[in-house]
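here is the input, now give the coordinates:
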Amino acid sequence: MNQSKISVQIGESSFSAEGAEAWVQTQLEFFLSKLPDLSRAPAGTKRDTPGTAAVDSTAEIGSLASYIRSKSGESNQTQRFLATADWLRLKGEKNLNSSLVAKALRDNQQSRLGNPADALNKNVAKGYCEKTSDGFFITPEGRRALGHQE
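Below you'll find the model as predicted:
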C-alpha cells in the first residue's frame, strides 16, 4: 500500500495529511473544495463548541495521526481515545461518543481501540471526560492534560 504525505499552505489556510495515497487525495480534494468558504471568513474567526472554550478556526489541527503522536497517544489506548476525541472537538464535532472516536480512528487508518467504552470510562475516572445523556465531553482537566491552556 502506497503511503503519501502532503502539506499545503494557501494564505492563512493550511492542510496536511499522511496516510494511504487514495485517502490523502480525497482529503486534499475536500480541503480545496472548502477553500472558497475559508477565504470569505474573517481572519481569526472563532467558533463555539458546547462545553468548550472558543476555538480559533484558522489554527493548524493537522492529521489525526500527527495529533495523536503530539499528545503521546501512540501506545496508550486511554490517551489515544482522549486525543482522538479532542481532535474531533477541534474539528467542530459537537456530539462526541465512543463509537464516533472508534470510527475516526478507523477512517484515518490509525490503530483501533480494544474497547472504546472502557477507554471512555478510564478517562471519566481520571476526570478528563464527563458523560452526558447522549455521549460525553472533554472536561477542562482533560484539555489541560492534553496541553491546552484555557
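
assign residue 125 to helix, strand or coil.
For residue 125, the assignment made with DSSP: H, G, I helix; E, B strand; the rest coil gives helix.

and the longest helix belonging to the chain, what does it pack onto?
In the chain, taking DSSP state H as the definition, the longest helix is helix 21-40. Secondary-structure packing of helix 21-40 (3 or more Cβ pairs under 8 Å, 6 or more residues apart in numbering; DSSP states H and E): strand 3-10, strand 13-20. Heads up, the C-betas are built off the backbone N, CA and C, glycines and all.

so where's this protein shaky on pLDDT?
Within the chain, the ranges that satisfy pLDDT under 70 run 1-2, 37-60, 150.

recalculate using a threshold of 80.
1-5, 7-60, 150 (pLDDT under 80).

which residue is nearest the centroid of it?
In the chain, the centroid-proximal residue (Cα atoms, centre = their mean) is residue 87; its distance is 1.5 Å.

looks like that residue contacts residue 69 (just checking).
No. Distance between residue 87 and residue 69: 11.3 Å, which falls outside the contact criterion (Cβ atoms under 8 Å).

count of neighbours near residue 97?
Residues lying near residue 97 (other Cβ atoms under 10 Å) number 19.

what's the closest non-adjacent residue to it?
Leaving out its chain neighbours, the residue that sits closest to residue 97 by Cβ to Cβ, 6 or more residues apart in numbering is residue 135, at 3.8 Å.

relative to residue 27, how far out is residue 145?
Residue 145 sits 28 Å away from residue 27 when distances are taken as Cβ to Cβ, to the nearest Å.

residue 101 now?
As for residue 101, its distance to residue 27 is 19 Å (criterion: Cβ to Cβ).

pick out whichever of those two has more residues nearby.
More neighbours sit around residue 101 than around the other of residue 101 and residue 27, counting by other Cβ under 10 Å; the figures are 26 against 18.

which ones are touching that one?
Shown in contact with residue 101 (Cβ atoms under 8 Å, 6 or more residues apart in numbering): 81, 84-85, 88, 113, 116, 119-120.

using the three-state scheme, assign it.
Secondary structure state of residue 101, per three-state DSSP, is helix.
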